[in-house]
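[1] Sequence unavailable; structure follows:
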């Protein structure tokens, strides 16, 4: 065995999913067909990608996409057999009894059932049964039916996504593999919408107020948007599946389109009725934290960890303006009612107001600590901050006119009820508060956990 096939003996996952010599040619070849998408890809994703993905490819070998599996690593050894007469180094490495060679290194070996699945899949020709061989494994694997959340939580889950119902009577809060629906007037848990990604990062209603788009996922592993019938809680569809979390979603006014921002640096636009991707915008060099449309739907704004905020033509995806005035990751951005200016905020606690045409700053406000995704109406913008406050900035005066304070932890999300009379804030510790927007008085506060 070449000593070069593994460059780091401590790597937990080298190809623990498909290595080693193919079984003798007289082995039964009439077994039920093994599915790469349903059976092999989950093994690879769970056990191999951490060491053999796009960002970290130990020994020069990757398993994060099907089209990478047949490419030999630094050793030049044949990873997967293309015929019964060839040897698959991957299968040999996961099935050997020699602990010095077996993968995953310094970890439990694959189960006999997993090894047999890999063996049969290779014997059957190592075939691909997804849509595109270049898709990340998280996209190839069929959307899962998630396990039910626990009956009760030992502690609160970060309230990174909250939203009022269209009538303002309920507040939806993201939980662990669920959405929790609370009575906004007398905080009681009304119902629980299950089968949601591990964590929710954004919740948005369509214009009819009947469907929810939930941006969710497991950090560093997978992301998606789940479309939910709000009345029944049924999952209507799963779109925008990616290899990292979906951080924001926004419906485009007057259309069936949904903008999706994710940690893989992309903005994707989907036709919700057709469940099809309309276009993809690859203009940012890092995570896209926030997206939003102008009131007339003609323009799209984005905020990115690459320290930029950008405005695009919503029809074509063409960049109309790029603002580089932030000196830290941009966490939130919104196009103002006139459609001519943008307010964006960063991780260094600064608000910038700038013109779309020319990308020039016209005002700056020093806040405090980190900021997060913005919510606005015609008169003001709400800014969650890590200094335990939610700030309200007047759009005419550029001044902080209200501070919702005394939270017990970072304020990481906010929501505005229809009509603008109620404001909600969500905290890192799972606390949720509802405020009177007129005078800033606290109406309700509770830890959003069953």
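    Structure's in. What do you need? What you are looking at is a predicted structure, and each value in this text was computed from that prediction instead of being measured. Numbering: from 1, shown residues only.

[2] gap between the longest helix belonging to the chain and the chain center?
    Taking DSSP state H as the criterion, the chain has its longest helix at helix 112-123. Mean-position distance between helix 112-123 and its chain equals 31 Å (Cα atoms, centre = their mean, to the nearest Å).

[3] Stretch 332-340 now?
    On Cα atoms, centre = their mean, the centre of stretch 332-340 falls 24 Å from that of its chain.

[4] buried ones in that stretch?
    Using 16 or more other Cβ atoms under 10 Å as the test for burial, stretch 332-340 gives 332, 333, 334, 335, 336. Backbone N, C-alpha and C define where each C-beta goes, glycine included.

[5] Okay, helices next: where are they in the stretch 101-250 of the chain?
    112-123, 137-140 (DSSP state H, counting those that start in this stretch).

[6] same question for the first one, mean pLDDT?
    Within the predicted structure, the mean pLDDT of helix 112-123 is 92.

[7] Now it: buried residues?
    114, 115, 117, 118, 119, 120, 121, 122, 123.

[8] Same check on stretch 177-187?
    Neighbour-count burial for stretch 177-187, counted by 16+ other Cβ under 10 Å, picks out 177, 178, 179, 180, 181, 182, 184, 187.

[9] Assess the claim that the third one and residue 196 are in contact.
    Yes: with contacts defined as Cβ atoms under 8 Å, residue 179 counts as touching residue 196 at a distance of 5.8 Å.

[10] Quick check: neighbours shared by those two?
    Residues touching both residue 179 and residue 196 (Cβ atoms under 8 Å, 6 or more residues apart in numbering) are 214, 228.

[11] Name the residues of stretch 68-83 that come out as buried.
    Residues 68, 69, 73, 75, 77, 79, 80, 81 are the ones in stretch 68-83 that count as buried (16+ other Cβ under 10 Å).

[12] can you give me the strands in the stretch 51-200 of the chain?
    Using DSSP state E, counting those that start in this stretch, the strands of the stretch 51-200 of the chain run over 162-164, 170-174, 178-183, 189-194, 199-205.

[13] can you list the weak-confidence ranges in the stretch 51-200 of the chain?
    Flagging of the stretch 51-200 of the chain using pLDDT under 70 yields an empty set of residue ranges.

[14] rewinding a little: in the buried residues of stretch 332-340, which two residues are the furthest apart from each other?
    Maximum pairwise distance in the buried residues of stretch 332-340, criterion Cβ to Cβ, is 13.2 Å, between 332 and 336.

[15] coming back round to it: output the buried residues of stretch 332-340 as CSV; include the columns pLDDT.
    Compiled in CSV, the buried residues of stretch 332-340 are given as follows (pLDDT from 0 to 100):
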residue, pLDDT
332, 98
333, 98
334, 98
335, 98
336, 98
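
[16] just curious, which of the residues you listed is nearest to residue 51?
    Distances from residue 51 to these, taken by Cβ to Cβ, are shortest for residue 332, at 34.7 Å.

[17] circling back to that earlier point, out of the buried residues of helix 112-123, which one sits closest to residue 232?
    Distances from residue 232 to those, taken by Cβ to Cβ, are shortest for residue 117, at 36.0 Å.

[18] tell me the contacts of that closest one?
    Contact analysis of residue 117 by Cβ under 8 Å, 6+ apart lists 34, 39, 40, 43.

[19] The third one belongs to a strand?
    If I follow you right, that is residue 40. No: applying DSSP: H, G, I helix; E, B strand; the rest coil, one finds residue 40 to be helix, outside a strand.

[20] Correct me if wrong: it contacts residue 34.
    Yes: counting by Cβ under 8 Å, residue 40 does reach residue 34; the two are 6.7 Å apart.

[21] Which one of these two is surrounded by more residues?
    Applying other Cβ atoms under 10 Å to residue 40 and residue 34 shows that residue 40 carries more neighbours, namely 29 against 20.

[22] quick one: the residue nearest to the more buried one when sequence neighbours are not counted from residue 91, how far?
    Counting by Cβ to Cβ, 6 or more residues apart in numbering, residue 40 lies nearest to residue 121, which is 5.3 Å off, once chain neighbours are set aside. From residue 121 across to residue 91, the span is 9 Å (Cβ to Cβ, to the nearest Å).

[23] again with residue 295
    In this view, residue 295 and residue 91 are 57 Å apart by Cβ to Cβ.
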